[in-house]
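Undergrad: Return atomic coordinates for the entry below.
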Amino acid sequence: MKRAIAGTGEVFSSVGDLLRRENPARPVYCVHRNIYRDVAKSFVDAFPGRVLYAVKANDDARVLRFLNEGGIRHFDCASLAEMEAVVSACVDPTCYFMVPTRLRGAAASAQQHFGVRHFMIDHLSGLAPLVDEIDASNSTIFARMAVSHNAAKQDLSSKFGAPPQDMPTLLSAIAKTGAEPAVAFNVGSSVTRPVAYEHAINMLSEVLSLLPFKVRLVDIGGGFPQHYPGFPVPPLDDFIEAVRAAAATLPLAESAELMVEPGRSLAATGLSAIVEVLLRKDDRLYLNDGMYGIFWELRFDLHDRFPARCFRDGKLLEGEEQSFQLLGPTCDSTDVLPGRVGLPTDIRPGDHIEFSCIGAYSLTGRTTFNGHYSDRIVIIDD
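TA: All right, here's what the predicted structure looks like:
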């Protein structure tokens with residue numbers, strides 16, 4: 001059944017319903033409303049602090065709205081454009097400007113037009129330009145500490161973050177501006193073991209012990225992983241419990257509060273992509289979407305494939321499977337998905353494949369290379 005809901009666009013009762021009705025020739029991206037609501041509620045209920053959704057993971061208006069409906073009220077934004085997307089889609093949101101670099105004038109606009117009170121720096125040279133644009137007395141400025149761990153698939157402190165030994169000077173300088181000083185770190189992307197957060201919090205404890213004052217807010221960043229085929233990770237509860245236990249030892253102010261910036265762990269599971277098989281050459285399948293489109297994140301050394309299931313004439317195609325190599329539609333010979341995927345042996349051109357758990361860093365990275373681009377996004381209400 002197809003219908004419309006005000007402010008959301010097309011709604012279908014299931015993926016099969018969409019395929020039977022339309023047999024789409026172009027890729028279709030499906031936002032699963034109930035999954036996003038449930039994932040948001042679960043994370044907010046589990047984490048012992050303030051949950052900020054990292055908008056960069058997926059800034060689609062429907063995704064923002066359904067996460068908001070699930071209980072996400074705080075949003076980690078990297079630009080004015082992301083703030084505009086948030087306030088346009090969500091009810092009563094609070095935006096945070098949590099990047100150490102900003103376009104000139106952006107901090108002033110963020111505070112004046114979006115009510116932003118939380119900002120970030122990672123070097124003394126970034127403090128004066130920020131304070132010149134904002135009302136420091138009504139702001140919180142985070143000093144970001146560089147920290148990394150081999151449990152993370154990507155190091156996010158090679159570009160941003162102050163060395164731990166510089167943090168006391170940086171925090172004291174923030175305090176002198178009249179702003180509230182706070183601390184932040186990000187241990188990396190797709191962290192595979194909770195010990196990474198314990199390591200970072202222990203490093204932070206040493207920094208805080210050197211301060212002549214106590215801070216109230218600690219932002220532990222993101223990095224919470226998503227399970228993908230061939231990429232098993234511990235459950236989210238293991239990470240949250242490790243954070244909870246380690247943070248309890250920090251020398252913080254009595255009114256202290258933890259903050260967290262999940263992106264992938266909130267965005268991933270609620271989006272799927274429907275693509276069509278264009279051509280089969282033995283164990284190679286050519287698709288109408290590829291590495292320049294919805295699969296662009298697979299270029300990075302994280303995971304190499306998404307869960308997949310096949311449809312024929314809108315019905316699930318099952319039976320004996322074999323391993324296939326998947327290729328995108330462009331003329332670039334590197335447009336090849338890195339991981340092999342098990343699909344029905346008799347799959348053929350005209351069949352559709354649904355790739356699930358594809359919501360993180362997918363819609364935001366598509367390109368128009370070779371003229372292949374789809375902006376068809378629908379809601380699945382199953």
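Undergrad: Now do the helices in the stretch 51-200 of the chain.
TA: Assigned by DSSP state H, counting those that start in this stretch, the stretch 51-200 of the chain shows helices spanning 61-69, 80-89, 106-114, 127-133, 167-176, 195-208.
Undergrad: Quick check: Ala79 touching Ala106?
TA: Actually, residue 79 is Ser. It isn't Ala. Yes: using C-beta atoms under 8 Å, Ser79 is in contact with Ala106, at 7.3 Å. Bear in mind the C-beta positions are built from the backbone N, C-alpha and C, glycine included.
Undergrad: returning to what we had before: and the helices of the stretch 51-200 of the chain, which is most packed in?
TA: Across the helices of the stretch 51-200 of the chain, the average number of neighbours (mean count of other C-beta atoms under 10 Å) peaks for helix 61-69, which reaches a mean of 22.
Undergrad: okay, and the helix or strand of the chain with the least pLDDT?
TA: strand 2-5 (a mean of 44; mean pLDDT, DSSP states H and E).
Undergrad: So what touches the helix or strand where Cys30 lies?
TA: Cys30 is part of strand 28-32 when elements are defined by DSSP states H and E. Outside strand 28-32, the residues within contact range by C-beta atoms under 8 Å, 6 or more residues apart in numbering are 12, 15, 18, 60, 62-63, 66, 269-274, 294, 354, 362-363, 374, 376-380, 382.
Undergrad: Keep only those of those residues that are in helices.
TA: Among those, the members found in helices (DSSP state H) are Val15, Leu18, Arg62, Val63, Phe66.
Undergrad: State the distance from the second one to Tyr197.
TA: From Leu18 over to Tyr197 the distance is 40 Å, taken as C-beta to C-beta, to the nearest Å.
Undergrad: and what of Ala54?
TA: When Ala54 is compared with Tyr197 (using C-beta to C-beta), they lie 16 Å apart.
Undergrad: Next: Arg280.
TA: Taking C-beta to C-beta, one finds Arg280 at 45 Å from Tyr197.
Undergrad: do the same with Pro164
TA: For Pro164, the distance to Tyr197 equals 16 Å [C-beta to C-beta].
Undergrad: same deal with Pro229?
TA: Distance of Pro229 to Tyr197, computed by C-beta to C-beta: 25 Å.
Undergrad: residues touching Ala184, list them.
TA: Met98, Met120, Phe142, Ala143, Arg144, Met145, Val218, Asp219, Ile220, Gly221, Met259.
Undergrad: Same question for Ile201.
TA: Taking C-beta under 8 Å, 6+ apart as the test, what Ile201 contacts is Ile220, Val243, Ala246, Ala247, Thr249, Leu250.
Undergrad: what's around the fourth one, how many residues?
TA: Other residues within reach of Ala247 by the criterion other C-beta atoms under 10 Å amount to 20.
Undergrad: same deal with the fifth one?
TA: Applying other C-beta under 10 Å, we find 11 residues neighbouring Thr249.
Undergrad: I'd assumed Glu206 was in contact with it.
TA: No: counting by C-beta under 8 Å, Thr249 does not reach Glu206; the two are 11.3 Å apart.
Undergrad: from what I can see His199 touches His149, true?
TA: Yes: counting by C-beta under 8 Å, His149 is a contact partner of His199 at 5.2 Å.
Undergrad: Find the residues that touch each one of those two.
TA: Val187.
Undergrad: domain parsing for this structure?
TA: Listed by automatic domain parsing, the domain ranges of the chain are 2-30+268-380, 33-267.
Undergrad: which stretches of the stretch 101-250 of the chain form strands?
TA: For the stretch 101-250 of the chain, the strands defined by DSSP state E, counting those that start in this stretch cover 118-121, 140-145, 152-154, 180-185, 189-191, 217-219.
Undergrad: ok, back up a step: the helices of the stretch 51-200 of the chain: which one's closest to Thr330?
TA: helix 61-69 (26.1 Å; C-beta to C-beta).
Undergrad: between the closest one and helix 80-89, how many degrees?
TA: Computed by axes from the mean of the first three to the mean of the last three C-alpha atoms, to 10 degrees, the angle separating helix 61-69 from helix 80-89 equals 60 degrees.
Undergrad: Restricting to C-alpha, output helix 61-69 in CSV.
TA: Provided in CSV are the C-alpha atoms of helix 61-69 (Å, rounded to 0.1, in the frame of the first residue of the first chain):
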residue,chain,number,x,y,z
ALA,A,61,15.2,15.2,6.6
ARG,A,62,13.2,12.0,7.2
VAL,A,63,16.1,10.3,9.1
LEU,A,64,16.5,13.4,11.3
ARG,A,65,12.7,13.6,11.9
PHE,A,66,12.4,9.9,12.9
LEU,A,67,15.4,10.0,15.2
ASN,A,68,13.9,13.1,16.8
GLU,A,69,10.6,11.3,17.3
